[in-house]
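Colleague: output the structure for:
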Amino acid sequence: MQILANLNLSNLYGSVKLTSHNNKKENFMKKIISIFTCFFIILGFAQTSYAESDTLKKLKKQGYATVAVANEPPYSDIKSDGYVTGAAPDVARAVLEVLGVNELRAQVIMYGAMIPALQARRVDMATSGLYIKPGRCESIIYSEPDLCGAEAFAVPAGNPNNLLTYEDIAANPDLKMTTCAGCAEEKYALERGVSADQIVYFDTPPSGIKMLQQGRVDVFALSGLGTQDLLQKTNDPNLELIMPISGVPIGCAGAAFNMNDIEFRAEYNMALAKLKATGEFAAIIEPYGFSAEATAGESYLTRCPDGK
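Modeller: Residues are numbered from 1 along each chain as shown. Sure, this is the predicted structure:
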């Protein structure tokens with residue numbers, strides 16, 4: 001496998017900060033927002049710590065939280081014995097333990113079905129790289145970002161169609177791409193002119209890579225680290241990684257909750273802030289290839305309309 005660009009997220013963020021005076025100001029403002037966000041989270045938690053939310057009371061009483069996850073390493077990974085690990089569920093486990101909920105019971109759900117599951121309360125929360133997007137913020141609420149990363153393509157070696165952006169796919173109607181229904185990558189593609197007829201949906205990421213190997217599609221699109229992990233496991237010299245994808249913003253994910261769980265979200269954010277402050281958060285996510293620094297200047301307040 002030939003890797004066109006091996007992206008280090010901390011380096012990426014460092015380079016973004018240095019590109020221009022305007023970007024410096026923008027990142028400075030992000031950090032200020034992040035600091036104030038943490039302050040108000042801590043203040044709010046301090047005021048309500050003696051009166052737990054009904055949701056947290058329920059979870060502590062039953063001893064577990066039911067959490068929706070996808071099977072997209074390194075965000076989340078379903079082991080052969082059924083145990084769920086990965087950066088997202090590992091962070092959620094640690095946060096829930098701080099809150100006094102000792103068990104995470106994972107329910108594997110495709111990304112497109114996670115929001116309906118939260119709305120119907122079939123799960124207590126979702127965590128698996130579900131990016132914070134304005135459209136999603138109209139239906140669910142998010143924690144502070146826990147995982148941020150670039151986007152990527154997998155293409156045949158040599159990148160014969162010279163695909164570096166979603167616009168490149170849109171420019172050739174004969175090309176087919178594969179991604180998952182409800183994923184951020186589907187939205188990125190449609191927003192940038194890729195027609196619905198060009199998109200072939202996979203059931204699981206490995207099945208999408210198989211379609212690429214078989215020549216049924218021309219490009220596979222998913223999160224950067226997820227795509228890189230797949231190609232490393234596939235170890236096919238006939239495939240190539242394109243990362244990052246130009247014209248697409250860095251994506252940030254967080255834990256997702258039912259719209260009515262505002263108090264529980266505040267409690268979760270407080271516990272997450274504690275893990276970030278102690279360094280435990282970095283110790284959890286960095287072995288999976290994520291950067292704790294990448295989340296430092298990010299807040300759901302800047303990614304959701306009306307700061308929901």
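
Colleague: which intervals of the stretch 1-150 of the chain have sub-threshold pLDDT?
Modeller: For the stretch 1-150 of the chain, applying pLDDT under 70 flags the ranges 1-50.

Colleague: please repeat the previous calculation with a cut-off of 90.
Modeller: Within the stretch 1-150 of the chain, the stretches falling below the threshold (pLDDT under 90) are 1-51, 71, 80, 82, 128-129.

Colleague: just list the residues touching residue 103, thanks.
Modeller: 63, 64, 65 (C-beta atoms under 8 Å, 6 or more residues apart in numbering). All C-beta spots, glycine's among them, are computed from the backbone N, C-alpha and C.

Colleague: how close does residue 52 sit to residue 63?
Modeller: Taking C-beta to C-beta, to the nearest Å as the criterion, residue 52 is separated from residue 63 by 15 Å.

Colleague: mind giving me the domain ranges of this structure?
Modeller: Dividing the chain into domains by automatic domain parsing, as the record does, gives the ranges 9-148+250-307, 151-242.

Colleague: endpoints of the shortest one, how far apart?
Modeller: Taking C-alpha to C-alpha, to the nearest Å, domain 151-242 runs 9 Å from one end to the other.

Colleague: please state the offset of that domain from the chain centre?
Modeller: Relative to the mean C-alpha coordinate of its chain, domain 151-242 is positioned 17 Å out (C-alpha atoms, centre = their mean, to the nearest Å).

Colleague: mean confidence score for it?
Modeller: Per-region confidence: domain 151-242 scores 97 on mean pLDDT.

Colleague: okay, residue 52 and residue 63: which has more neighbours?
Modeller: Comparing residue 52 with residue 63 by other C-beta atoms under 10 Å, the one with more neighbours is residue 52, at 17 against 11.

Colleague: check contacts around residue 87.
Modeller: Counting by C-beta under 8 Å, 6+ apart, residue 87 makes contact with 74, 75, 76, 146, 147, 284, 285, 288, 290.

Colleague: neighbours of the nearest residue to it once chain neighbours are set aside, how many?
Modeller: The spatial neighbour of residue 87 that comes closest, neighbours along the chain excluded (C-beta to C-beta, 6 or more residues apart in numbering), is residue 288 at 4.1 Å. Residue neighbour count, defined by other C-beta under 10 Å, stands at 19 for residue 288.
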